[in-house]
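> Return atomic coordinates for the entry below.
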Amino acid sequence: MITCPHCGNKELEGALFCKECGSQLLIESEEKKTSRIDVNSEAGLYPTSRQPLYSSGLGYAPSSDALVTLHLSGLDVYIPIMEEGEVIIGRSSEGQPMIPDIDLGKYKAFQSGVSRMHAAIRLFGNQILISDLGSSNGTSVNETKLEPYSPHPLKNGDVITLGRMRIEVITKDMKPRTNSMEV
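Sure, this is the predicted structure:
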């Protein structure tokens, strides 16, 4: 447990902000920091023998074959989800027995308050649903905080916030927003 230095409230390990007063929680030692695990599907690190439902890349446009693409706001990172099913989003850490399907660790997810197993996105037919998995810092859709384990529908252009990490939802019939900084 982490104790809030401002109000004394007890929070779970990994929480970045106090739920009572909103103060930022401090990491007490370097030993509590997580580190990135490189995931290799050929090494058998996925929970089943299937290939992952997504692939990630840096600096390319959304795949036209993807059912849904997640665009990490502020980065040229697009993560396409290629098939129906459930995809877990989070960040991996050393010694973690289960890893998320989409590991946001290399995009400063820990610093943004993303939990190890933060949220689940489910694609079935024409429906896209997201559920918070009891994360420490919460999940929001268009700035509306979700109740843990309660599915919420997603549509074109919705902005998911995991902790403080913002992700735009792009479906086949929508183009990504252009960066306003481009000339």
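
> Just to check, residue 134 is in contact with residue 148?
Yes. The criterion here is CB atoms under 8 Å, and residue 134 meets it with residue 148 at 4.6 Å. C-betas here are computed from N, CA, C, even on glycine.

> Would you map the helices across the protein?
Shown for the chain, the helices assigned by DSSP state H span residues 109-112.

> For residue 159, which residues are in contact?
73, 141, 142, 143, 166, 167, 168, 169 (CB atoms under 8 Å, 6 or more residues apart in numbering).

> Now the last one. Nearest residue, chain neighbours left out?
Yep, that's residue 169 we're talking about. residue 158 (4.5 Å; CB to CB, 6 or more residues apart in numbering).

> Provide a list of residues in contact with residue 124.
Taking CB under 8 Å, 6+ apart, one finds residue 84 in contact with residue 124.

> Going forward, the N-terminal residue is numbered 598.
Sounds good: first residue 598 from here, last item residue 721.

> Look up which residues are beta-bridged to it.
Residue 721 forms beta bridges with residue 724, as assigned by DSSP bridges.

> since we're on the closest residue to residue 729 other than its chain neighbours, how many residues are nearby?
Of all residues not flanking residue 729 in the chain, residue 736 sits nearest, at 3.8 Å (CB to CB, 6+ apart). Residues near residue 736, counting by other CB atoms under 10 Å, number 26.
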